[in-house]
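[1] next input, structure requested:
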Amino acid sequence: MGAARFLKVVNNTKINHLLTCWLPLLAYCVVIFIQSSRPAPVKLPGWYAGDKLLHLAGYAVMGALSVRAFGTLRMRRSLPLLVTVSILFAFLYGVSDEIHQYFVPSRQADVFDALFDGLGGALGVLGYLWLEKRLGLVPRIPGLTK
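    Below you'll find the model as predicted:
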């Protein structure tokens, strides 16, 4: 394939959305799945909050990636729908990850981990939309800028 043809394919909006929005989300989901398949890391005594903060931060990233990806679909026309679907995606992926961990030796499923996954997803979605508007970036979501 020639360079001009390659650039034409990459400049295609659907291909661009796939590479810049959906591929990072998919890759992040794979990384979480692989990490959850490994034996549990050693926990420091008395550091219960550390695990929850990791879930919060990790799923905040997933929330931000989710709203970027879902923002390429028709649902972007409805901000409440976009926010709801993006948060639900992060939360349900967190729930499925906890179910997955139930079957991994030396791991356990924890309802509170799933709740912090959902909270992190919500913070990531709302934080991404706030930053997009605050920094004056070209929004992927119409209606966010003045």
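[2] only C-alpha atoms for contact and neighbour calcs from this point on.
    Noted.
[3] quick one: the most centrally placed residue in the chain from Gly124, how far?
    Most central in the chain under Cα atoms, centre = their mean is Met62, positioned 1.7 Å from the mean C-alpha point. For Met62, the distance to Gly124 equals 7 Å [Cα to Cα, to the nearest Å].
[4] which neighbours do the two share?
    Both Met62 and Gly124 lack any common contact, where contact means Cα atoms under 8 Å, 6 or more residues apart in numbering.
[5] helix/strand/coil for the residue nearest to the centre of the chain?
    Three-state call for Met62 (DSSP: H, G, I helix; E, B strand; the rest coil): helix.
[6] separation between it and Glu98?
    Taking Cα to Cα as the measure, Met62 falls 15 Å from Glu98.
[7] phi, psi of Thr72?
    phi -90, psi -10 (degrees, to the nearest 10).
[8] let's have the chain start at 134 instead
    Sure, I'll start counting at 134 from here, so that last one is Thr205.
[9] isn't it right up against His150?
    Yes - at 6.7 Å, Thr205 counts as touching His150 under the criterion of Cα atoms under 8 Å.
[10] list of residues touching the helix or strand Asp184 falls within?
    Using DSSP states H and E, Asp184 maps to helix 181-203. Here helix 181-203 makes contact (Cα under 8 Å, 6+ apart) with 150, 154-155, 157-158, 161-162, 209, 215-216, 218-220, 222-223, 227, 245-246, 249-261, 273.
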